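# my questions concern the predicted model and sequence given below.
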Amino acid sequence: MTQLSVNINKIATIRNARGGNVPNVLQVALDCEKFGAQGITVHPRPDERHIKFKDVYDLKAQINTEFNIEGYPSTDFIELIKSVKPTQVTLVPDAPDAITSNAGWDTKTHQSFLSDLIDEFRAMGVRTSIFTGTDPEIIEYAAKTGTDRIELYTEPYATFYPKNKEEAIAPFVEAAKIAKKLGLGINAGHDLSLENLNFFYKNIPYIEEVSIGHALISDALYLGLEKTIAAYKNCLK
Ligand SMILES: CC(=O)[C@@H](O)[C@H](O)COP(=O)(O)O
Ligand SMILES: NCC(=O)COP(=O)(O)O
């Protein structure tokens, strides 16, 4: 069964626009859980433009589902993970000034850096995931780091989907087959939406988790959070 983890970065973006506590990020996370989300994802960035490090501690203390923290493994990020010990850490190779995540790791070049981190996080009981593209060699090198999972970076799929969904999904199906053969768990995320999610799921039904934020929170403006979460979960069948 593919789990839905709701990325609540965008809720924090709205809150930060006024400097107060509206909307309340923690309450939204709890409501996402109440409405059926099987996990909460955050991606604290160095400038704290959306999720703040304090949010991460507050969330850890209150949420009951899977807590997935994504980010570039800077010294501050590594310390945060060690102290919070979420269910899962997803390592993303973002430059500090990246507008959003825009590529997976070059796992061949960064194999030893990643392996050391993976060892450290796994030793403290935190599940690990590495954000990757679909290149088979990159996935083979991801497996060599000892990571539990990879997260497939789905922006290229989402962008190409409206033009040709069969061609858009093909490299992801291949990548997932390779990852599965290598014993890796597979997550996916970035720009997944009500439009493209079901086709992704139907082609890779053994995907373990999707993390979705931007489109889901945008849909919630029209449908409300409860109906939106139900609609996304309905795409995972
Ligand atoms: C890792 C990833 O795919 C990102 O989509 C992410 O976590 C979203 O980050 P922003 O909300 O900062 O764009
Ligand atoms: N890992 C992807 C994620 O958490 C959310 O990405 P997006 O849906 O905001 O593009």
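That came through fine. Ligands and ions are numbered 1, 2, ... in the order given.
# how many other residues sit next to Glu33?
Per other Cβ atoms under 10 Å, the neighbour tally for Glu33 reads 19. Every residue, glycine included, has its C-beta placed from N, CA and C.
# ok, now Ser218?
14.
# endpoint to endpoint, stretch 12-22 covers what distance?
9 Å (Cα to Cα, to the nearest Å).
# got the buried residues for it?
For stretch 12-22, a neighbour-count test (16 or more other Cβ atoms under 10 Å) marks Ala12, Arg15 as buried.
# for it, give the mean pLDDT please.
The average pLDDT within stretch 12-22 is 97.
# anything in that stretch near ligand 1?
No: applying Cβ under 6 Å from any ligand atom, one finds stretch 12-22 separated from ligand 1 by no less than 7.7 Å.
# what's the single longest helix in this protein?
Longest helix in the chain, counting residues (DSSP state H): helix 165-181.
# is the very next helix or strand once past that one positioned near ligand 2?
Once helix 165-181 ends, the next helix or strand along the chain (criterion: DSSP states H and E) is strand 185-189. Yes: contact of strand 185-189 with ligand 2 is found when judged by Cβ under 6 Å from any ligand atom, involving Gly189.
# dump strand 185-189 to PDB, keeping only the CA atoms.
The C-alpha coordinates for strand 185-189 follow below in PDB (Å, rounded to 0.1, in the frame of the first residue of the first chain):
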ATOM      1  CA  GLY A 185      12.400   0.800  -0.800                       C
ATOM      2  CA  ILE A 186      11.000   3.400  -3.200                       C
ATOM      3  CA  ASN A 187       9.400   6.700  -2.400                       C
ATOM      4  CA  ALA A 188       8.500   9.400  -4.900                       C
ATOM      5  CA  GLY A 189       7.800  13.100  -4.900                       C
END
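# packing partners for that strand?
strand 149-153, helix 165-181, strand 209-212 (3 or more Cβ pairs under 8 Å, 6 or more residues apart in numbering; DSSP states H and E).
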